[in-house]
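Chemist: Quick one, fold the following:
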Amino acid sequence: MIRNSNPQPSSGAAFPLVVALLALIVNLLLARAYPLIDPDEGRNAEVAREMAAGTNLIVPHLAGMPYLDKPPGLFWAGAMAIRAFGTEPWAARVPAAVAGAVTLALLAIAARRHRGTRFALLAVALLAAAPLFAVLSAYVIFDLLLGLCVTIVWLGLAAELEHGASRWRRVAMFAAVTAGVFMKGPVMLAWTLGGSVGAAAMMRSFKPLKWLAWIPGWLIVFGVAGGWFWLASQQHPEYPRYAFLEESYERLTTKSFQRNQPPWFVPAVLLGGALPWSLATPWALPMSVAARVGLGFVLFAAVFFTASNSKLVTYLVPCLPPLAWMAAEAWSDPSRARRGAWAAVIVLAVLAIGGVIAAPMTGKLSASLDMPVAPAATAFAVALGIAAVVAGVGAARQRPAWAIAALCAFVPLLFATAGPVLVRYAETQSGGPLAAAIAAAETAARVRYERCYSPGTDYRLNRISDLVSAKGEETTSIYQVRYREALQRNRRWRAWADSSLAPEAQVIVRRGRNPSPAPPGSVEFFRDRRFVAFRRVRAAR
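Modeler: Now for the predicted structure:
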């Protein structure tokens with residue numbers, strides 16, 4: 001039975017607001033520093049841009065064609081940001097930046113109520129310092145928003161087990177489930193059910209499963225998300241088959257998506273995604289309800305994604321908030337914190353030595369980026385060495401906070417010492433340079449891609465270009481490739497099988513490696529490792 005709860009107002013209400021504001025500022029600064037990376041960021045940003053332009057609010061589109069590889073949640077959020085701020089790279093990253101900031105704020109609220117401000121600060125610092133969380137908070141990707149939804153469910157379930165059921169808390173939890181379905185589809189249901197089962201196993205009780213029997217919550221999920229699914233299926237009758245049998249079941253049970261990884265993949269991502277504190281934390285069996293519930297979600301993810309034949313690093317982002325909570329609990333124990341401080345010294349020293357050893361081996365990377373990498377690698381190694389010394393002084397003086405600060409400095413030190421190299425790498429994978437060259441050469445040109453595609457370029461140019469492609473695989477949309485014939489029958493296919501059939505274009509873009517000769521009447525005006533671009537030469541009068 002659900003009872004209404006009236007939580008006491010917190011005297012520290014400003015604390016989570018400060019956390020959210022600082023996190024948002026840092027995320028946006030990071031978002032502004034780097035160009036969009038193709039294909040993932042460029043693709044997601046371009047889908048959002050086309051939606052912002054009014055292509056279709058129900059069914060996302062890419063290159064002017066339906067894109068049903070993912071639900072529209074991220075694209076709706078991105079479209080609103082683009083309408084507000086324009087087609088700047090950072091605008092498409094606003095949803096992830098906000099999701100990261102809100103996740104930290106929610107963690108701060110729950111942690112402060114659990115053990116006070118000092119514990120909350122520790123949990124927030126550890127999560128913010130996790131490299132995977134920090135990077136994806138400024139990246140156009142679904143998983144940061146999915147992680148926020150899972151965090152709401154995890155913290156809500158933990159609060160329900162400690163304080164009893166609340167109608168409004170359950171509304172928030174099921175609203176998060178609904179939003180998660182809009183972000184990544186049925187996998188949010190797997191996180192919801194599997195995480196609750198994992199929590200029940202950790203609690204040795206069926207109580208974590210009771211909230212799943214709340215019928216009004218499921219009416220929210222299936223009424224709202226199901227309503228969108230019905231509308232999308234009306235426009236594209238093949239979508240139910242693709243969403244459930246191909247995108248979900250086939251992805252999990254077969255290797256057709258070519259994302260299978262070895263069995264050690266999940267633990268490696270969890271350790272690397274929270275490096276270096278994942279290795280230095282004096283882990284122990286968590287005792288609080290929130291930690292045990294969070295561990296249940298992490299164990300679900302470990303089992304589910306190890307068994308799945310489709311694995312990506314980003315899939316495990318929702319594990320990071322509960323891991324940060326558990327780590328904060330471990331560091332809050334004085335005796336374990338003292339041991340952890342010495343572990344931090346060892347971990348940071350090993351990473352520093354590894355950086356010194358690896359720096360001379362960066363010649364190939366330097367050649368691909370056309371800039372020296374060794375100085376940045378050496379500077380980062382030296383910075384880690386200094387951090388190891390700081391941690392060592394803290395350990396010797398029995399001040400573990402120094403070691404924690406040294407561990408949390410990992411990501412800031414990385415961006416401070418290797419920032420130019422990271423920016424250069426992003427540029428080599430971005431459509432931004434091509435877009436700038438096209439805009440400078442032919443401001444209002446019609447662009448045609450031949451056997452290649454850069455969604456990031458279209459995003460920066462704020463237009464949909466023509467595409468010459470046999471099957472459409474250049475868009476990296478599995479849905480478009482598999483249902484090309486259905487889209488052609490419904491006159492929703494915009495790619496041309498041959499350049500002779502495509503409309504006249506002033507700019508032609510081809511693959512940068514081994515391109516064919518320049519089209520008749522054209523001259524080359526841009527070339528990088530990915531693309532070569534030609535523009536039509538106007539005949540003299």
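Chemist: So R448 lies in a helix, does it not?
Modeler: No: going by DSSP: H, G, I helix; E, B strand; the rest coil, the assignment for R448 is strand, not a helix.
Chemist: and the residue lying closest to it once chain neighbours are set aside, how many neighbours?
Modeler: Counting by CB to CB, 6 or more residues apart in numbering, A505 is the residue found nearest to R448 once chain neighbours are left out, at 3.6 Å. Using the backbone N, CA and C atoms, a C-beta is placed for each residue, glycine as well. The number of residues packed near A505 is 23, by other CB atoms under 10 Å.
Chemist: Doesn't G54 lie inside a strand?
Modeler: No: G54 sits outside any strand when classified using three-state DSSP, being coil.
Chemist: Check what pLDDT it gets.
Modeler: At G54 the predicted local confidence, pLDDT, stands at 86.
Chemist: Next up, phi/psi of it, please.
Modeler: phi 90, psi 20 (degrees, to the nearest 10).
Chemist: now swap in V59 and tell me
Modeler: Torsion angles at V59 (phi, psi; degrees, to the nearest 10) stand at phi -110, psi 120.
Chemist: returning to what we had before: check which helix or strand covers the residue nearest to R448.
Modeler: Here A505, judged by DSSP states H and E, is contained in no helix and no strand.
Chemist: quick one: it and A444 touch, right?
Modeler: No: with contacts counted by CB atoms under 8 Å, A505 stays clear of A444, the gap being 12.0 Å.
Chemist: count of residues packed around P263?
Modeler: Neighbourhood size, P263 [other CB under 10 Å]: 9.
Chemist: which residues touch the residue nearest to R448?
Modeler: Contacts for A505 (CB atoms under 8 Å, 6 or more residues apart in numbering) come out as A445, R446, V447, R448, D466, R536.
Chemist: Make TSV out of the residues you listed and add pLDDT and neighbour count.
Modeler: Listed next are those as TSV, based on pLDDT from 0 to 100; neighbours: other CB atoms under 10 Å:
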residue	pLDDT	neighbour count
A445	82	18
R446	91	16
V447	95	24
R448	96	22
D466	96	21
R536	89	18
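Chemist: which helix is the longest one in the chain?
Modeler: In terms of residue count, the longest helix belonging to the chain (DSSP state H) is helix 334-358.
Chemist: Which strands or helices does that one pack on?
Modeler: On a contact count with 3 or more CB pairs under 8 Å, 6 or more residues apart in numbering; DSSP states H and E, helix 334-358 meets helix 277-280, helix 320-332, helix 374-396, helix 400-408.
Chemist: List of residues touching the first one?
Modeler: Among residues not part of helix 277-280, those counted as contacts by CB under 8 Å, 6+ apart are 126, 129-130, 270-272, 323, 327, 340, 343-344, 346-348, 403-404, 407-408, 410.
Chemist: Output it as CSV, restricted to C-alpha atoms.
Modeler: Output of helix 277-280 as CSV, limited to C-alpha atoms (Å, rounded to 0.1, in the frame of the first residue of the first chain):
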residue,chain,number,x,y,z
TRP,A,277,39.9,5.4,-8.3
SER,A,278,38.4,2.1,-9.4
LEU,A,279,41.8,0.4,-8.8
ALA,A,280,42.7,2.4,-5.6
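Chemist: Toward the C-terminus, what is the element adjacent to the longest helix of the chain?
Modeler: As assigned by DSSP H and E, the chain's next helix or strand after helix 334-358 is helix 363-369.
Chemist: Pull the residues that contact that next one.
Modeler: Taking CB under 8 Å, 6+ apart as the rule, helix 363-369 contacts P372, V373, A374, V421, R424, Y425, T428, R529.
Chemist: Output the residues you listed in TSV; the columns should cover neighbour count.
Modeler: Below are the contacts of helix 363-369 laid out as TSV (neighbours: other CB atoms under 10 Å):
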residue	neighbour count
P372	15
V373	23
A374	16
V421	21
R424	16
Y425	18
T428	16
R529	11
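Chemist: Now, those that are in strands?
Modeler: Taking DSSP state E, every one of the contacts of helix 363-369 sits outside strands.
Chemist: how about those in CSV, adding pLDDT and distance to V181?
Modeler: Listed next are the contacts of helix 363-369 as CSV, based on pLDDT from 0 to 100; distance: CB to CB, whole Å:
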residue, pLDDT, distance to V181
P372, 93, 47
V373, 95, 42
A374, 95, 47
V421, 95, 38
R424, 95, 38
Y425, 95, 34
T428, 93, 35
R529, 88, 39
